[in-house]
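Student: 3D, please:
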Amino acid sequence: MLKPVVLLPIILLLGGCALKQYPQSPKVSDEEAQTYNCATLDQEIAKTHSVQQQIDKTGEFDALTVIGFLGDFGIGNGIAKASANKHATARLNELEQLKTVRCGHTTA
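Tutor: Presented below is the predicted three-dimensional model:
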């Protein structure tokens with residue numbers, strides 16, 4: 001059995017603590033999918049590209065990166081960024097598929 005002195009640091013390291021706040025992108029809801037027209041889809045695709053740019057900008061090296069590394073070797077911030085990227089990419093793919101179906105062409 002591990003001693004509490006060894007167990008506590010392991011738990012803290014694996015817990016991860018994200019200091020940076022990344023924008024989150026929700027999935028395309030059924031209501032959105034039914035009501036979006038081609039112009040609205042173009043707007044939503046542009047907004048999602050903007051979210052991806054915000055994620056990249058938030059992920060840049062700064063003081064919070066250093067503090068995050070000192071706290072948990074940057075694990076929390078890395079997990080938060082990966083999750084935000086995953087959700088933004090998923091939303092973008094859903095919007096582009098919906099646009100292909102609704103508007104008959106893909107975005108460039």
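Student: Helices of the chain, start to end?
Tutor: 4-15, 30-35, 38-58, 63-72, 75-103 (DSSP state H).
Student: Check which helices and strands the longest one sits against.
Tutor: Put plainly, it is helix 75-103. Applying 3 or more Cβ pairs under 8 Å, 6 or more residues apart in numbering; DSSP states H and E, one finds that helix 75-103 contacts helix 4-15, helix 38-58, helix 63-72. Bear in mind the C-beta positions are built from the backbone N, C-alpha and C, glycine included.
Student: if we go to 6 Å?
Tutor: In terms of contacts (3 or more Cβ pairs under 6 Å, 6 or more residues apart in numbering; DSSP states H and E), helix 75-103 is packed against helix 38-58.
Student: Ok, the third one next?
Tutor: Here helix 38-58 is seen to pack against helix 75-103 when contacts are counted using 3+ Cβ pairs under 6 Å, 6+ apart.
Student: which ones are touching Cys103?
Tutor: Cys38 (Cβ atoms under 6 Å, 6 or more residues apart in numbering).
Student: Where does pLDDT dip in the chain?
Tutor: Counting by pLDDT under 70, the chain contains low-confidence ranges at 1-19, 62, 64-72, 74, 105-108.
Student: what about 80?
Tutor: 1-20, 61-77, 105-108 (pLDDT under 80).
Student: before we move on, the earlier item: just the helices of the chain: most buried one?
Tutor: Neighbour counts (mean count of other Cβ atoms under 10 Å) averaged over each of those peak at helix 75-103, with a mean of 17.
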